[in-house]
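>>> I would like to see how this sequence folds:
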Amino acid sequence: MTDAFTRAGFRISRISEPPFDPNTPRELLPPTLGNRSAFLCFLFFVPEPS
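Residues are numbered from 1 along each chain as shown. Sure, this is the predicted structure:
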């Protein structure tokens, strides 16, 4: 993904990973999540022209 932005002439000014909804039932979350508040599910990129 980052390479595609770079090839298109952008630089990434920000990458964020939002936390999962706190109302999500634990059985739907990865068992290795532990006490973390986020896991790799969605990433948001903010590209800017370079």
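>>> C-alpha only now, for contacts and for neighbours.
OK.
>>> Show residues contacting the one helix or strand residue 11 maps to.
For residue 11, the host element (DSSP states H and E) is strand 10-16. Residues from elsewhere that reach strand 10-16 (C-alpha atoms under 8 Å, 6 or more residues apart in numbering): 2, 5, 43-50.
>>> Any idea how far it is from the middle of the chain?
Distance of strand 10-16 from its chain centroid, counting by C-alpha atoms, centre = their mean, to the nearest Å, is 12 Å.
>>> Okay, now the sheet partners of the next helix or strand after it, with direction.
Per DSSP H and E, strand 10-16 leads on to strand 44-49 as the next helix or strand towards the C-terminus. Looking at strand 44-49 with DSSP bridges, its partner strands are strand 10-16 (antiparallel).
>>> Got a PyMOL select line for the buried ones in the contacts of strand 10-16?
Remark: buried members of those, expressed as a PyMOL selection using 16 or more other C-alpha atoms under 10 Å:
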select buried, resi 5+45+47
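>>> Point to the residue nearest the middle of this structure.
Centroid-nearest residue in the chain, with C-alpha atoms, centre = their mean: residue 43, separated by 2.2 Å.
>>> Flag every buried residue along the strand holding residue 11.
For strand 10-16, burial by neighbour count (16+ other C-alpha under 10 Å) applies to 10-11.
>>> any low-confidence regions in the chain?
The chain contains residues with pLDDT under 70 at 38-40.
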